[in-house]
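Participant: Sequence first, predicted coordinates after that:
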Amino acid sequence: MTLVTIFSCKNEVEIKFIEENIETSKAADISINFPKAEGDKAVSELINSVIQNYIVSQTNLTDDSLNNVSIDEAVKRFNTEFKTFKNDFPESSQKWEAFIDGEVTYRSPEVICIAVNSYLDTGGAHGNTHIKFFNFNPQTGQLYSKAEIINDIQGLSGVITNKLKEEVKSNSDEPMEEFFFGKDFQLPESLGFSDEGLIVLYNPYEIASYSQGIMEFTIPFEDINSYFNIN
């Protein structure tokens, strides 16, 4: 069990995280690990709702809305979909896989950052990996928007662009322009934090082709603190 405590003297909000684990291989191979918040009821419920609803959405292969569906129920539905697939295509020997791993990557009195790494393989040409960061207000449990945590998007974009150019130059033969499919620079879907600084991560297809894989780098806090409203 992993235990992380977030404490604020200002509002006396205490949040602990324990690691939850769900594994099964009776039908599809499924492994789900995620941090579950405990402590202040209102704050922990908001955090848990966001993380658990996201995990459920990652296993949803239909167009049905799965709001308020538990992770256990989502696992059952995923297995049911796999069994239906096997009945329709008995010649297929591939077993479906769903591996999801979440962790608290950074915490301070002003932000709790949780990263969720998802890998799904449902029999296509290759499995799909997706990583998403969630930045929460520890006092309220509310999810921050980019606009709430960044006070100078243009300035931050300039720092990220320069770092990205360095990464592209050292890791790829493709010109920078090709990485956004001919479009202007874009911030990644989500930004994360670690003890080392700001995590900038572009998922496959978010930047460049699938073959380029994930593009990830960290920018030290001292280089970007002035662009953020939080520490």
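Facilitator: All right, it came through fine. Every value quoted in this text rests on a predicted model; they were computed, and no experiment measured them.

Participant: before we move on, which element is G155 in?
Facilitator: Per DSSP states H and E: G155 is located in helix 153-171.

Participant: Partner strands of the helix or strand just after that helix and their direction?
Facilitator: Reading on from helix 153-171 to the C-terminus, the next helix or strand found by DSSP H and E is strand 191-194. If you go by DSSP bridges, strand 191-194 pairs up with strand 197-202 (antiparallel).

Participant: Contacts for the partner strand next, please.
Facilitator: Strand 197-202 has contacts (CB atoms under 8 Å, 6 or more residues apart in numbering) with 105, 115, 131, 133, 160, 163-164, 188, 190-193, 208, 214-221, 223-224. Every residue, glycine included, has its C-beta placed from N, CA and C.

Participant: List only those of those flagged as buried.
Facilitator: 105, 115, 131, 133, 160, 163-164, 188, 190-193, 208, 215, 217-219, 224 (16 or more other CB atoms under 10 Å).

Participant: Point to the residue nearest the middle of this structure.
Facilitator: The centre of the chain sits closest to K132, judged by CA atoms, centre = their mean, with a distance of 1.9 Å.

Participant: quick revisit: run the angle between the helix holding G155 and strand 197-202 for me.
Facilitator: Relative orientation of helix 153-171 versus strand 197-202 (axes from the mean of the first three to the mean of the last three CA atoms, to 10 degrees): 70 degrees.

Participant: Can you list the low-confidence ranges for the protein?
Facilitator: Under the criterion pLDDT under 70, the flagged ranges of the chain are 1-12, 63-67, 171-183, 208-212.

Participant: Just say helix, strand or coil for the spatially most distant residue from the centre of the chain.
Facilitator: Each residue of the chain has a distance to the centre, and by CA atoms, centre = their mean the biggest one is for E91: 34.4 Å. Following DSSP: H, G, I helix; E, B strand; the rest coil, the label given to E91 is coil.

Participant: which residues in this structure form strands?
Facilitator: Taking DSSP state E as the criterion, the chain carries its strands at 4-8, 13-24, 29-39, 97-107, 112-121, 128-136, 191-194, 197-202, 215-220.

Participant: which residues touch F34?
Facilitator: F34 makes contacts with E19, E20, I51, Q52, I55, I71, I100, D101, G102, V116, as judged by CB under 8 Å, 6+ apart.

Participant: Find the residue closest to the last one in space, skipping its chain neighbours.
Facilitator: Of all residues not flanking V116 in the chain, G102 sits nearest, at 4.3 Å (CB to CB, 6 or more residues apart in numbering).

Participant: can you count the residues close to the one you found?
Facilitator: 24 (other CB atoms under 10 Å).

Participant: Please report how far it lies from V50.
Facilitator: 11 Å (CB to CB, to the nearest Å).

Participant: repeat for V104
Facilitator: Taken as CB to CB, the span from V104 to V50 is 13 Å.

Participant: go on, N135?
Facilitator: Separation of N135 from V50 (CB to CB) stands at 11 Å.

Participant: pretty sure V116 contacts T105?
Facilitator: No: V116 lies out of contact with T105 (CB atoms under 8 Å); the separation is 10.3 Å.

Participant: re earlier: shared neighbours of N135 and V50, which are they?
Facilitator: Residues touching both N135 and V50 (CB under 8 Å, 6+ apart) are L143.

Participant: Which of the two has more residues huddled nearby?
Facilitator: With neighbours defined as other CB under 10 Å, N135 and V50 compare such that N135 has more, 22 against 17.
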